[in-house]
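Undergrad: Everything below, folded, please.
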Amino acid sequence: MSLSRREFLQLLAFAAAQGMPLAGRAGAAAREDVFYDLPAPAGNVTLFHFTDCHAQLLPIHFREPDINLGIHAGKGRPPHLVGAALLKHFRIAPETRRAHAYTHVDFEHAARRFGRVGGFAHLAALIKHLRAQRPGALLLDGGDSWQGSPTALWTQGRDMIEASRLLGVDVMTGHWEFTYGAARVKEAIAKELGGIEFVAQNVRTADFGDPVFKPYVMREVNGVPIAIIGQAFPYTPIANPRHFVAEWTFGIQEESLQKSVDEVRGKGAQAVVLLSHNGMDVDLKLASRVTGIDIILGGHTHDAVPEPVPVENRAGRTLVTNAGCSGKFLSVVELDVRGGKLRDCRCRMLPLFSNLIKPDAAMAAHIRKVRTPFEGKLAEKLAVTDDLLYRRGNFTGTFDQVILDSLLEAKGAEIAFSPGFRWGTTLMPGETITFEDVMNQTAITYPQVTVGDLTGETIKNILEDVCDNLFNPDPYYQQGGDMVRVGGMRYRCDPTQKIGARISGMTLAGRPIEAGKRYKVASWAPVAEGAAGEPVWDVVSGYLRAKKVVRGVRPSRPELIGVRGNPGLS
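TA: Modelled structure (predicted):
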């Protein structure tokens, strides 16, 4: 049987998406209408999903982690696979676009070969291209869209809200959005979102427990009624300042979620989708306990997982996905709904390579408009880096180390702490570090730098507490980001132990840290109300201006114990 030209091009596109090398096909693969063509529809309902873009409107580099440890039940299963282990598990050929998109392997060489990723003008063009192939498809945003860049901070998310409207987002949920404060979130929803629905079944008033947002929306896609239930980040008042949302409660809220699922089924929903910002480990546990959800479109932990993970529960099966971060991926979910129920579900992650997609003119014009008032400030040249600067990883990254070094030097501190945020772009060796680059690592609404004297016992307790947020064997107790980044001191960490026994061997300048002795500690991003101090971006920028060239950065990682052979460690 002979193939038509279009069928042949679609076959090439599918092969490229599965990781086949692109060398020798540059003429064909360089066109987005080939690389991003979808195969024949696998169902009658299509959903597009992205999450955790962290306000990155322009194409970027983003290095995936070389440490994403899974402990206990999480060991050796997605999302806790990195590098070669991830490629092997998902059958992705090395040295391909997909291999570069999902791993840190040979990052510098691959980034120069394949170019930048993401960019909202490119994402908008891709979505228009795909919607032409899948009429009626819905676009879902998993949250963390209004925060992470200087323009988002300075406009209180307005640049991103307008971009989301231009993108055609149908439904969203939230997390970092709440750090603008409850009043700003309510204002944005009431006056600016337009047709975008904000859903979060697990956010209620602290006084009477009334819903703050719509718990779900019902939509009909190609004649099929479906429900999209929202799940905002459950630990917002713990991971971020409580006073920003003092009158709201969060939490996982399994019972109310089950009620929402039962309610939409009772209203005739033939497919139920949870748009979640729980984090993937939490979603995997949730899927085993709450019934009636067909698929969880997850976010928060920034895990780029090529294929959904099926989870069995007492009433059937739920698929769990996670769509990466920073605009790197668009997930395409196709549901085959027949006879009033879901018969099949097909998912594919499309890595967004900006050099394969002609940017959308309307979105590009919007980006120019929102950046123009700030161009001079954004473009200020601070230093040049000789090193690859990145953040993502369980324990630290090179850009984290630059922040720590700046705190140590500027504040004359012995020890420095920096939050284990997962967002932040990557800079290549030889690139100029601009003020915008610093803001892309630090743009939050509570940026104050604080300095205090802490006892050795307090320092250990802090490290133990944050480590438990990351490695508690029960995902429902994993309440934060990655491990706090630590500068100036050394320590050992055994993630397999219980809280209180994970941290040991703390030393400063080669001497043991004493429990009763006080040490000068600098940090930033205080969650306590009323904290005072200069914004961290001023400290880092001043450090870089004086340094002029960044080289020889060595991330201060702890000595890891008990994780030898773990596929989450490269």
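Undergrad: What are the phi and psi values at the nearest residue to A163 once chain neighbours are set aside?
TA: In space, and not counting its chain neighbours, A163 is closest to F120: 5.2 Å by C-beta to C-beta, 6 or more residues apart in numbering. Quick note: C-beta positions are derived from backbone N, CA and C, even for glycine. With angles defined as degrees, to the nearest 10, F120 sits at phi -70, psi -30.
Undergrad: for R317, same thing?
TA: Dihedral angles for R317 - degrees, to the nearest 10 - are phi -140, psi 140.
Undergrad: How about it, nearest residue that isn't a chain neighbour?
TA: Nearest residue to R317, sequence neighbours excluded (C-beta to C-beta, 6+ apart): P310, at 5.5 Å.
Undergrad: mind listing what the residue nearest to A163 touches?
TA: 53, 56-58, 163, 167, 327, 363, 367 (C-beta atoms under 8 Å, 6 or more residues apart in numbering).
Undergrad: Could you measure from it over to S276?
TA: Distance, F120 to S276, using C-beta to C-beta, to the nearest Å: 23 Å.
Undergrad: do the same with A416
TA: For A416 relative to S276 (C-beta to C-beta), the value is 34 Å.
Undergrad: How many residues are close by the closest residue to Y216 other than its chain neighbours?
TA: Leaving out its chain neighbours, the residue that sits closest to Y216 by C-beta to C-beta, 6+ apart is I229, at 4.2 Å. Using other C-beta atoms under 10 Å, I229 is surrounded by 27 other residues.
Undergrad: residues in contact with I229?
TA: Shown in contact with I229 (C-beta under 8 Å, 6+ apart): 199, 201, 215-216, 257, 260-261, 264, 272-275, 293.
Undergrad: Which one of those residues is nearest to Q479?
TA: Taking C-beta to C-beta as the measure, Q479 lies nearest L257 of the contacts of I229, at 18.1 Å.
Undergrad: Test my guess that P526 contacts T445.
TA: No - P526 is beyond contact range of T445, at 11.7 Å (criterion: C-beta atoms under 8 Å).
Undergrad: Quick one: distance of stretch 349-365 to the chain centre.
TA: Here the centre of stretch 349-365 is set off from its chain's centre by 19 Å, with C-alpha atoms, centre = their mean, to the nearest Å.
Undergrad: just the CA coordinates of it, formatted as PDB?
TA: Output of stretch 349-365 as PDB, limited to C-alpha atoms (Å, rounded to 0.1, in the frame of the first residue of the first chain):
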ATOM      1  CA  MET A 349       4.000  15.600  25.000                       C
ATOM      2  CA  LEU A 350       5.200  18.000  22.300                       C
ATOM      3  CA  PRO A 351       8.500  19.700  23.100                       C
ATOM      4  CA  LEU A 352       8.300  23.300  21.900                       C
ATOM      5  CA  PHE A 353      11.500  24.200  19.900                       C
ATOM      6  CA  SER A 354      11.300  27.800  19.000                       C
ATOM      7  CA  ASN A 355      13.400  27.500  15.900                       C
ATOM      8  CA  LEU A 356      10.900  25.100  14.400                       C
ATOM      9  CA  ILE A 357       7.900  27.500  14.800                       C
ATOM     10  CA  LYS A 358       7.300  30.900  13.200                       C
ATOM     11  CA  PRO A 359       6.100  33.200  16.000                       C
ATOM     12  CA  ASP A 360       2.500  34.300  16.100                       C
ATOM     13  CA  ALA A 361       2.300  38.000  15.000                       C
ATOM     14  CA  ALA A 362      -0.400  39.100  17.500                       C
ATOM     15  CA  MET A 363       1.400  37.500  20.500                       C
ATOM     16  CA  ALA A 364       4.700  38.800  19.400                       C
ATOM     17  CA  ALA A 365       3.200  42.300  19.300                       C
END
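Undergrad: tell me the average confidence for it?
TA: For stretch 349-365, mean pLDDT rounds to 97.
Undergrad: Count the neighbours of R317 for me.
TA: A count of nearby residues for R317, using other C-beta under 10 Å, gives 15.
Undergrad: Per-residue pLDDT of it, please?
TA: The per-residue pLDDT of R317 was computed as 96.
Undergrad: just the one 3 residues further on next, same as before
TA: V320 carries a pLDDT value of 98.
Undergrad: With L560 instead?
TA: Listed pLDDT for L560 reads 97.
Undergrad: Excluding residues flanking it in the chain, which one is nearest it?
TA: C493 (5.9 Å).
Undergrad: same thing with P555?
TA: Nearest one to P555, counting by C-beta to C-beta, 6+ apart, is T396 at 4.4 Å.
Undergrad: Wait, the one you found touches R554, no?
TA: No - in terms of C-beta under 8 Å, T396 does not count as a neighbour of R554; the distance is 10.0 Å.
Undergrad: now the helices: where do they sit in the stretch 201-350 of the chain?
TA: Counting by DSSP state H, counting those that start in this stretch, one finds helices in the stretch 201-350 of the chain at the ranges 236-239, 254-266, 280-289.
Undergrad: packing partners for the shortest one?
TA: If I follow you right, that is helix 236-239. Taking 3 or more C-beta pairs under 8 Å, 6 or more residues apart in numbering; DSSP states H and E as contact, there are no helices or strands that helix 236-239 lies on.
Undergrad: That one - what's its average pLDDT?
TA: On average, helix 236-239 scores 96.
Undergrad: List of residues touching that helix?
TA: 175, 178, 233, 245, 248-250, 479-481.
Undergrad: quick one: which of those residues sit in strands?
TA: Residues of the contacts of helix 236-239 located in strands (DSSP state E): 248-249.
Undergrad: quick revisit: check the contacts of F120 against L382 and report the nearest one.
TA: Using C-beta to C-beta, the contacts of F120 come closest to L382 at L58, 18.1 Å.
Undergrad: out of the helices of the stretch 201-350 of the chain, which comes closest to A73?
TA: Here helix 280-289 is closest among the helices of the stretch 201-350 of the chain (C-beta to C-beta), at 8.9 Å.
Undergrad: What's opposite E559 in the beta bridge?
TA: Note on E559: beta-bridge partners R492, judged by DSSP bridges.
Undergrad: Assess the claim that it and D494 are in contact.
TA: No - counting by C-beta under 8 Å, E559 does not reach D494; the two are 9.5 Å apart.
Undergrad: burial count for G251?
TA: Neighbours around G251, by other C-beta under 10 Å: 15.
Undergrad: what residues are up against it?
TA: G251 touches 202, 234, counting by C-beta under 8 Å, 6+ apart.
Undergrad: tell me the phi and psi of L569?
TA: Per degrees, to the nearest 10, the backbone of L569 is at phi -130, psi 120.
Undergrad: can you tell me how far C467 sits from L350?
TA: Distance from C467 to L350, by C-beta to C-beta: 35 Å.
Undergrad: same question, F178
TA: For F178 relative to L350 (C-beta to C-beta), the value is 29 Å.
Undergrad: neighbour count winner among the two?
TA: Per other C-beta under 10 Å, whichever of F178 and L350 has more neighbours is F178, with 25 against 21.
Undergrad: who's in contact with that one?
TA: By C-beta under 8 Å, 6+ apart, the neighbours of F178 are 185, 232-233, 236, 240, 244-245.
Undergrad: and if you look at F329?
TA: By C-beta under 8 Å, 6+ apart, F329 lies in contact with 50, 101, 304, 323, 349-352.
Undergrad: So which of the residues you listed are in strands?
TA: Using DSSP E, those in strands are 50, 349-351.
Undergrad: which of these tops the neighbour count?
TA: For the ones in strands among the contacts of F329, the largest neighbour count, defined by other C-beta under 10 Å, is 28 neighbours, found at F50.
Undergrad: May I have the beta-bridge partners of that one?
TA: When assigned by DSSP bridges, F50 has beta-bridge partners D141.
Undergrad: pretty sure it is touching A124, no?
TA: No - assessed by C-beta under 8 Å, F50 is found out of contact with A124, at 11.4 Å.
Undergrad: Give the residue from T396 and R554 that has the larger number of neighbours.
TA: T396 (25 against 9).
Undergrad: Quick check: the more buried one vs P65, distance?
TA: According to C-beta to C-beta, T396 and P65 sit 11 Å apart.
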